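>>> following is a predicted model, sequence given first.
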Amino acid sequence: MIKIILIIFAIGCITTSGYGYSIKQLTATYQSGQIFLNWKVPTATNLQYNIYRSKTPILTSLQLTNNNYLGYVRDNSAKNLRKSELQNDDFYFVIKNNNPPLASDRGLYVATCTSSSLYYYAVTVTNLENNKEDKGIISESNSLLLPVLESVAAPQAVLQAITEQSNGDISYEYVIWGNNQDAVHWHAFNNVGSFGYNFTLQKRGNYNDQPLCIQFQDQNPFKKLDSDFCSDCNMLQLDDWLPNGQNSYWIGYHEGYNMYLSNGSNPVATTGVIKTYTQVCTQAIIRWVKHQQGIDSSRVYMTGNSHNGFGAILTAMNIPAEISSFYVTSPPYIYKPAAGDKREHQLGSVSCKLPTDINYPGTSDPIVIWDFTDFRNWYRINQPNGIPYGQGINGKNDTKAGWAQKFHYYDTVNAYQQGGTWFWDQRVHNGKDAQFTSSETKTDYTRFYTNRSFPAFSNCTINQDPGTGDPNEGDAYGAINGYLDWDDNSIVDKKCSYTINCFIKTLYVDGQEDQNQYSSCKSDITLRRTQKFDPSTSQTITWTNYDVDNQLLQSGSFVRGDDPITLKGIKIKKAGSTIKLTASNCGNKAEALPESSEIISILKTQDGYSLVLNVTDAQRAAIDVYDQLGRTVLHEELDLPAGFTSFPIKLPGSVYLIRVSSKEIHFSCKLLF
């Protein structure tokens, strides 16, 4: 009798209930801080696959508790739904580099490891027709008998495909996985379970050790970018797409929002938290890509149009130290949907100020959603440390994104000394009726580095007048800081002093010089991203301002406070104005000799100077020396080996500016012979 009972029990272990479904062939593989669960799916559809994890073998349904539950995936979890939809074909995920894609009858769940331990997994199936979960456990079929050794590590994207275009560009399509588990090193990408997120890295020209140009566009992450986007660069195409066909405005969504259900099937929340899932995913992808071989992580540029431009700025506001500059066209600077808009299902009722999962810096106070989507608030938050150099164009007749000054955006740029150049004209949202051409408003990305300073101009006296918010007020077209520029090669950023030459440039409109041109103006100048010049609070800073003829225009001194270093009302000439700041009691060395660093030193020799470079790996460096008129007197290309290299500099007696550029080095200073 006992034997019969045991046989019945064993048979019971390999059968399922009459109404349910079960998976087969469950396997688990550890890879780069994530567990890839793979199984054979039933032939039925409209199913949900639930994942359980335990430190002990999962042998009975009693162990399928909320404490062991991870999340779920839906039908076709091994299928790249986004690419399949866009290209009208079936594409399945590759889960290991250089391996074939998964078969069409497989399921996939990727769990991010949150601790280093042994874990067992089980997968059950819920029939969404009746919402019943079959919790039957079948060892070695839907439950692992052997544990998986997990280890916390940074997850890695997996290469899906490589394509070469007719112009020679090479596109690398990747997928990176995230789930609903929030770990310190890898935050949750969504609130339901595993999901694969697409992005494409497109390489053009001489792309090695070149900048990363990021295109925010949520129409097609596999699209081949136009030839005029950049040259000799790496281009990243991001995506903002949910399996219900919606985007998230590059923000995220409410903690209770179900990305598999249509917007209308999700309630409009009046309580709870807005999770910034899309920002988390976007930032993770950018950080992964910029650390790949061949990318200069000090030159990361972003661009986008309309709400994609909003996404570019929002990302720059959240990781300002990691972005070099951004250029946007027709973006909204404040986003808040109207009552009844579909976005309320994602971001909550417009009448409620729901908290996000992002706190104000240095506090435990969450930023509410309608402040999170207001760049005026971000300009205030980032005022102490600054934002990347920004440039953009908006239209006074843009009824979709709205007229920027209606929200006093340009006033905010000036109030918080964030600088940048901001154009406007009579265009509508799609660019029709524009006065400025794209070449006249587009940023010269290549001049900006995360480790190179720049001046943030504010309150310039020759700015055109944008008005007070009414599109019919102020000048029909113009710019904030549109006439101002500076010489990158003039910047000498040292521990005890800082020098820069600023000037007035010619403003062009529709291919012609604007009728109003100027020979001088006044502007406030805030030093942003200084690398060495950072006097302590209460330290006295003296400054001078000389014109091109070496005539003193202004001078003064002030005591450094807590705010960024700002000079008020600086006279700027069209021919140039050289501003120099010096910190008192700094133990400054001779002006011609910069401080030594681990990367670069300039040593005085008997007949000139010796440039000593110390790099971590082999790379190519460019050395340029200019005379006082800006003419090149020396240009050398060096192949630097890892470690120390010295280079002699011998020139006729005069003052010169030397500039050294490589993957690790972006340096300039004056030399006196």
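It's in.
>>> now the closest residue in space to residue 505 that isn't next to it in sequence: which helix or strand?
Nearest residue to residue 505, sequence neighbours excluded (CB to CB, 6 or more residues apart in numbering): residue 485, at 4.5 Å. Using the backbone N, CA and C atoms, a C-beta is placed for each residue, glycine as well. In the assignment (DSSP states H and E), residue 485 maps to strand 484-486.
>>> hmm, back to that, quick one: pLDDT of the residue nearest to residue 505?
We have a pLDDT of 98 for residue 485.
>>> repeat for the one 5 residues further on
Residue-level confidence at residue 490 comes out at 96, pLDDT.
>>> might you calculate how far the helix or strand just after the strand holding residue 485 sits from the centre of the chain?
Remark: after strand 484-486, the chain's next helix or strand is strand 492-493, criterion DSSP H and E. A distance of 27 Å separates the centroid of the chain from that of strand 492-493, by CA atoms, centre = their mean, to the nearest Å.
>>> ok so, going back, against which helices or strands is the strand holding residue 485 packed?
Other helices and strands packing on strand 484-486, by 3 or more CB pairs under 8 Å, 6 or more residues apart in numbering; DSSP states H and E, are strand 454-458, strand 497-504.
>>> the helix or strand just after the longest one - which strands sit beside it in the sheet, and in what orientation?
Note on strand 497-504: by DSSP H and E, the next helix or strand toward the C-terminus is strand 508-509. Listed by DSSP bridges, the sheet partners of strand 508-509 and their directions read strand 512-513 (antiparallel).
>>> how far is the strand it pairs with from where the chain is centred?
That offset, for strand 512-513, works out to 35 Å (CA atoms, centre = their mean).
>>> the closest residue to residue 23 other than its chain neighbours: neighbour count?
Excluding its sequence neighbours, the residue lying closest to residue 23 (CB to CB, 6+ apart) is residue 39, at 4.3 Å. Other residues near residue 39 come to 23 when the count uses other CB atoms under 10 Å.
>>> mind pulling up the pLDDT for residue 39?
pLDDT for residue 39: 98.
>>> before we move on, what about residue 593?
Note on residue 593: pLDDT of 41.
>>> the nearest residue to residue 368 once chain neighbours are set aside: what's it in contact with?
Nearest residue to residue 368 in three dimensions, chain neighbours excluded: residue 353, at 4.0 Å (CB to CB, 6+ apart). Contact partners of residue 353, counting by CB atoms under 8 Å, 6 or more residues apart in numbering, are 368-371.
>>> doesn't residue 109 fall inside a strand?
Yes: counting by DSSP: H, G, I helix; E, B strand; the rest coil, residue 109 is part of a strand.
>>> quick check: it touching residue 77?
Yes: in this structure, residue 109 is within contact of residue 77 by CB atoms under 8 Å, at 6.6 Å.
>>> joint contacts of those two?
Listed contacts common to residue 109 and residue 77 are 49, 194; contacts here mean CB under 8 Å, 6+ apart.
>>> among the contacts of residue 353, who's most crowded?
Ranking these using other CB under 10 Å puts residue 369 first, with 26 neighbours.
>>> run through the residues that contact that residue.
With CB under 8 Å, 6+ apart, residue 369 has these contacts: 274, 347-348, 353-356.
>>> give me the nearest residue to it, chain neighbours excluded.
Nearest to residue 369 is residue 274, by CB to CB, 6+ apart, at 4.7 Å.
>>> next, count neighbours for that neighbour.
Using other CB under 10 Å, residue 274 is surrounded by 27 other residues.
>>> ok, now how distant is it from residue 382?
Distance, residue 274 to residue 382, by CB to CB, to the nearest Å: 20 Å.
>>> repeat for residue 132
Counting by CB to CB - residue 132 and residue 382 are separated by 51 Å.
>>> so those two - more neighbours on which side?
A direct count of neighbours by other CB under 10 Å for residue 132 and residue 382 places residue 382 higher, at 20 against 14.
>>> got a list of what the more buried one touches?
Per CB under 8 Å, 6+ apart, neighbours of residue 382: 317, 320, 416, 418.
>>> what about residue 60, how many residues close to it?
12.
>>> helix or strand: which one has the nearest residue to residue 331 once chain neighbours are set aside?
Ranked by CB to CB, 6+ apart and with sequence neighbours excluded, the top spatial neighbour of residue 331 is residue 309, at 3.1 Å. Using DSSP H and E, residue 309 falls within helix 307-318.
>>> for that helix, name the packing helices and strands.
For helix 307-318, the elements it packs on are strand 210-216, helix 277-290, strand 295-305, strand 325-329, helix 375-381, strand 389-395, judged by 3+ CB pairs under 8 Å, 6+ apart.
>>> how about a cut-off of 7 Å?
strand 210-216, helix 277-290, strand 295-305, strand 325-329, helix 375-381 (3 or more CB pairs under 7 Å, 6 or more residues apart in numbering; DSSP states H and E).
>>> on the three-state scheme, residue 70 is what?
Following three-state DSSP, the label given to residue 70 is strand.
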